[in-house]
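here's my sequence, what's the structure:
(one chain, ligands or ions: 1)
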Amino acid sequence: MTHLTRADAPRVAVIGAGWAGMAAAVTLIERGARVVVFEASRQLGGRARRVTLDGADLDNGQHILIGAYAEALRLMAVVGVDPRVALLRRPLELRTASGFHLKVAPLPAPLHLAVGLLAARGLGFADRLRAARFVHGLRAARFRLPRDGTVAALLASRDQGEALRRLLWEPLCVSALNTPPDRASAQVFANVLRDTLGGARAASDLLLPRTDLGALFPEPAAGFVTQRGGEVRLGTPVRTLEARAEAIRLDPDPAPFTQVIVACGPQHAAPLLRGDPRLSGIAEAIDALEHEPIYTVYLQYPEAVSLPLPMFGFTDGLLQWAFDRGALSGHHGLVAGVLSASGRHEALTRPDLAAAIHGELAAGLPNLPAPRWTRVIAERRATFSCRPGLARPAIQTPVERVLLAGDYTASDYPATLESAVRSGVAAARLALGH
Ligand SMILES: Cc1cc2nc3c(=O)[nH]c(=O)nc-3n(C[C@H](O)[C@H](O)[C@H](O)COP(=O)(O)OP(=O)(O)OC[C@H]3O[C@@H](n4cnc5c(N)ncnc54)[C@H](O)[C@@H]3O)c2cc1C
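Numbering: from 1, shown residues only. As a prediction, the model looks like this:
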């Protein structure tokens, strides 16, 4: 592995400094390429970035990682982030205000889950048995479904009743795929179950960030790249991309590039590709993707307020998960409420939504005082809508010098930090031919 780039090394452009783009840039520079990262905004991280609210470094949206995020964890370590320090690792535990409680048992896989499911509280014994049989059946089929359909149809066909759907599978589906079960891909859901519940016990661990998202990867990644001679240009949108036989030309950089990795989010990648007839089919496929929002509602309570767990669930209302930022990042009394996928909350004004979320928190947490301040962050295009049989564009394009990276590119994962990072690493390797 070389640390000094040579003047005759390939000069590769990365468009977009989200997690995919920064994963690509780190991988390229590790392998000796010359790298220039162009980022339209003044900030690194894209859809997983730091925001400063009331003087505190928080996130544009509360994120969770899981033990199965092997590439994200590997690259964090490469750029000098110790995942044991930056992330709070906890065995999978789903607990809600309504009394549902599932905790994996301290046993080797697959017993950890089977015993955890059979011991879950808030579900009748017959339901617990049905859930264990469902996972066992998926495992026996190696988590491959005969054909893709919706998660709702899969659950109905496998005898997963109303309580199981509402308390267990629907919250897991919406959190992992950011798509409601009646629209979500059953095969992608099965893939997620394979790599979490169906994998080694540590794969299902929840990893909750203790730092803001910028510090978790994109910023140390940018430091890693620039210290090795690469460039990260913030506030520099790429306006046009011209792929010639001998080189790539980008506006605003007049010097030629050997390759380009387009690592913008889908809605920004499509316009860059559309200008080239060889790439217009990919632009059309990207345009056909639909999107789902994620709302994060921050509520600052007095410092003494805390949640029963760092991640605590709510069912039957608007709120899905509440995170205790005091326990996670030392912002005592601060709760981050998460509402994934589209829903009726989108019709509310921000003050009404914040008031509704406070009401739901107060119903589940006795004696909760009024919040001192609230803030709603709506990411309207948080991820693509993970529908059955979706045609996601490949990393390689018909133009050899143009590669794609991003959470929406073809993979068996939904839109996640891990799929973004994996695509960035894969694009970088393809760009350098290894
Ligand atoms: C609120 C929220 C919560 C989420 N929660 C989770 C979670 O808990 N766990 C999880 O794994 N995932 C979660 N995700 C998904 C995860 O954040 C995304 O999958 C991931 O960040 C996508 O990264 P990316 O690099 O593919 O794209 P992006 O982050 O969109 O990065 C693209 C970058 O390209 C830049 N750009 C665009 N056009 C140009 C241009 N012309 N020139 C230069 N730069 C350009 C953009 O400014 C941006 O910085 C969540 C997402 C959101 C929004």
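
rest of the way, CA atoms for contacts and neighbours
Noted.

got the buried residues for the helix or strand of the chain with the lowest mean pLDDT?
Counting by mean pLDDT, DSSP states H and E, the chain has its least confident helix or strand at helix 111-118, which shows a mean of 90. Under the neighbour-count criterion of 16 or more other CA atoms under 10 Å, helix 111-118 has 112, 113, 114, 115, 116, 117, 118 buried.

same thing with stretch 47-57?
By 16+ other CA under 10 Å, the buried positions in stretch 47-57 come out as 47, 48, 49, 50, 51, 57.

rewinding a little: following the least confident helix or strand of the chain in sequence, what is the next regular element?
On the C-terminal side of helix 111-118, the nearest following helix or strand under DSSP states H and E is helix 125-140.

show me what that following helix packs onto, helices and strands only.
In this structure, helix 125-140 packs against helix 111-118, helix 162-164, with contacts taken as 3 or more CA pairs under 8 Å, 6 or more residues apart in numbering; DSSP states H and E.

spell out which parts of the stretch 201-350 of the chain neighbour the ligand.
237, 238, 239, 263, 264, 265, 268, 294 (CA under 6 Å from any ligand atom).

dump those residues to a markdown table, plus pLDDT, secondary structure and distance to residue 399.
Compiled in a markdown table, these are given as follows (pLDDT from 0 to 100; DSSP: H, G, I helix; E, B strand; the rest coil; distance: CA to CA, whole Å):
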| residue | pLDDT | secondary structure | distance to residue 399 |
| --- | --- | --- | --- |
| 237 | 98 | coil | 22 |
| 238 | 98 | coil | 18 |
| 239 | 97 | coil | 19 |
| 263 | 98 | coil | 16 |
| 264 | 98 | coil | 17 |
| 265 | 97 | coil | 19 |
| 268 | 97 | helix | 19 |
| 294 | 98 | strand | 34 |
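
quick check: the farthest pair among the residues you listed?
239 and 294 (27.9 Å; CA to CA).

same drill for the two, tell me which one is more crowded.
Each of residue 239 and residue 294 has its neighbours counted (other CA atoms under 10 Å); residue 294 has more, 23 against 11.

need the pLDDT of the closest residue to that one other than its chain neighbours.
Once flanking residues are discounted, residue 294 sits nearest to residue 340: 4.5 Å by CA to CA, 6 or more residues apart in numbering. Predicted confidence (pLDDT) for residue 340: 98.

check residue 8 too.
88.

quick one: the least confident helix or strand of the chain to helix 125-140, angle?
150 degrees (axes from the mean of the first three to the mean of the last three CA atoms, to 10 degrees).

so which elements touch helix 111-118?
strand 101-103, helix 125-140.

contact partners of it?
By CA atoms under 8 Å, 6 or more residues apart in numbering, the residues outside helix 111-118 that reach it are 102, 103, 104, 105, 106, 125, 128, 129, 131, 132, 197, 201.

pLDDT (mean, whole number) over whichever strand in the chain runs longest?
Ranked by number of residues, the top strand in the chain under DSSP state E is strand 373-384. The pLDDT scores in strand 373-384 average 98.

how far away from the center of its chain is the helix or strand that it is followed by?
Following strand 373-384 in sequence order, the next helix or strand is strand 402-404 (DSSP H and E). Averaged C-alpha coordinates place strand 402-404 at 21 Å from its chain's average position (CA atoms, centre = their mean, to the nearest Å).

quick one: is strand 402-404 near the ligand?
No. Applying CA under 6 Å from any ligand atom, one finds strand 402-404 separated from the ligand by no less than 9.8 Å.

which strands and helices sit next to that strand?
Secondary-structure packing of strand 402-404 (3+ CA pairs under 8 Å, 6+ apart): strand 259-262, helix 417-431.

would you convert those into CSV that also reports mean pLDDT?
Below are these laid out as CSV (pLDDT from 0 to 100):
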stretch, mean pLDDT
strand 259-262, 98
helix 417-431, 98
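
and the ones you listed, which is most packed in?
The highest average neighbour count among the helices and strands packed on strand 402-404, using mean count of other CA atoms under 10 Å, belongs to strand 259-262 at a mean of 28.

how far out from the middle of the chain is that one?
22 Å.

stretch 276-295 now?
The chain centroid and the centroid of stretch 276-295 are separated by 18 Å under CA atoms, centre = their mean.

send me that stretch as CSV with only the CA atoms.
Provided in CSV are the C-alpha atoms of stretch 276-295 (Å, rounded to 0.1, in the frame of the first residue of the first chain):
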residue,chain,number,x,y,z
ASP,A,276,-24.5,11.8,-22.5
PRO,A,277,-26.7,9.6,-24.7
ARG,A,278,-24.8,6.5,-23.5
LEU,A,279,-25.8,7.3,-19.9
SER,A,280,-29.3,8.6,-20.4
GLY,A,281,-30.8,5.2,-19.8
ILE,A,282,-29.3,5.2,-16.4
ALA,A,283,-30.6,8.7,-15.7
GLU,A,284,-34.1,7.4,-16.6
ALA,A,285,-33.7,4.4,-14.2
ILE,A,286,-32.7,6.8,-11.5
ASP,A,287,-35.6,9.2,-12.2
ALA,A,288,-37.9,6.2,-11.8
LEU,A,289,-36.9,5.7,-8.2
GLU,A,290,-39.4,7.0,-5.7
HIS,A,291,-38.3,8.5,-2.3
GLU,A,292,-39.4,8.3,1.3
PRO,A,293,-38.8,11.0,4.0
ILE,A,294,-37.3,10.7,7.5
TYR,A,295,-38.2,13.3,10.2
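
check which residues of that stretch are buried.
By neighbour count with 16+ other CA under 10 Å, stretch 276-295 contains the buried residues 279, 280, 281, 282, 283, 286, 289, 291, 292, 293, 294, 295.

am I right that the third one sits in a strand?
No. The assignment for residue 281 by DSSP: H, G, I helix; E, B strand; the rest coil gives helix, which leaves it out of any strand.

no more questions from me, cheers.
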